[in-house]
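Asker: No sequence on hand, only this structure:
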């Protein structure tokens, strides 16, 4: 009887580092999503309040995006990426505002297209479009946060 020769894969340090990085990435994405849900809820409430007060859609969107972007950056800095203290906080907020600009461009474009198609959309349709665009903008923001704003410094970059 011939037994099959089994080769057992013994994980090396590179494998365990990659697995750790992958788990950390999923955990970050989950925490980012939780912050995003809270931010989207806040955005929606503020947007509906400003629109109900008669503010134009683009102005309401800009104000709500700005308010939630600052809060979102601070929450993600601490909860998603585990950064505490004041070191680099101003830089993080400034880079977060650049990420906000990308989100504002996406959501404003979505509103402009909607109003070009339907000059007077219902409030539900308008909010659905802006929230949908906000979700896309949030994914863009996660990539910017993870790989640019809150990226870990390489050892040679540390002072």
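Answerer: Received the coordinates, thanks. Everything quoted here is computed from the prediction, not taken from an experiment. Numbering: from 1, shown residues only.
Asker: What sits closest to residue 129 if chain neighbours are left out?
Answerer: Nearest non-adjacent residue to residue 129, counting by Cβ to Cβ, 6 or more residues apart in numbering: residue 114, 4.8 Å away. All C-beta spots, glycine's among them, are computed from the backbone N, C-alpha and C.
Asker: ok, that neighbour to residue 126 distance?
Answerer: The gap separating residue 114 from residue 126 is 7 Å, by Cβ to Cβ, to the nearest Å.
Asker: what about the helices in this protein?
Answerer: All helices of the chain, identified by DSSP state H, fall at 13-52, 57-75, 89-117, 123-144.
Asker: what about residue 142, how many neighbours?
Answerer: Neighbour count of residue 142, defined by other Cβ atoms under 10 Å: 19.
Asker: Same check on residue 88?
Answerer: Residue 88: 14 neighbours (other Cβ under 10 Å).
Asker: again, but for residue 128
Answerer: By the criterion of other Cβ under 10 Å, residue 128 has 13 neighbours.
Asker: And the pLDDT at it?
Answerer: Looking at residue 128, its pLDDT reads 94.
Asker: try residue 4
Answerer: pLDDT, residue 4: 51.
Asker: go on, residue 18?
Answerer: pLDDT, read off for residue 18, is 48.
Asker: Same question for residue 14.
Answerer: Looking at residue 14, its pLDDT is 46.
Asker: ok, now which ones touch residue 78?
Answerer: Residues counted as contacts of residue 78 (Cβ atoms under 8 Å, 6 or more residues apart in numbering) are residue 84.
Asker: Would you quantify the distance from it to residue 24?
Answerer: 16 Å.
Asker: Likewise for residue 141?
Answerer: 18 Å.
Asker: Of these two, which one has the most company?
Answerer: Ranked by neighbour count (other Cβ under 10 Å), residue 141 and residue 24 place residue 141 first, with 25 against 11.
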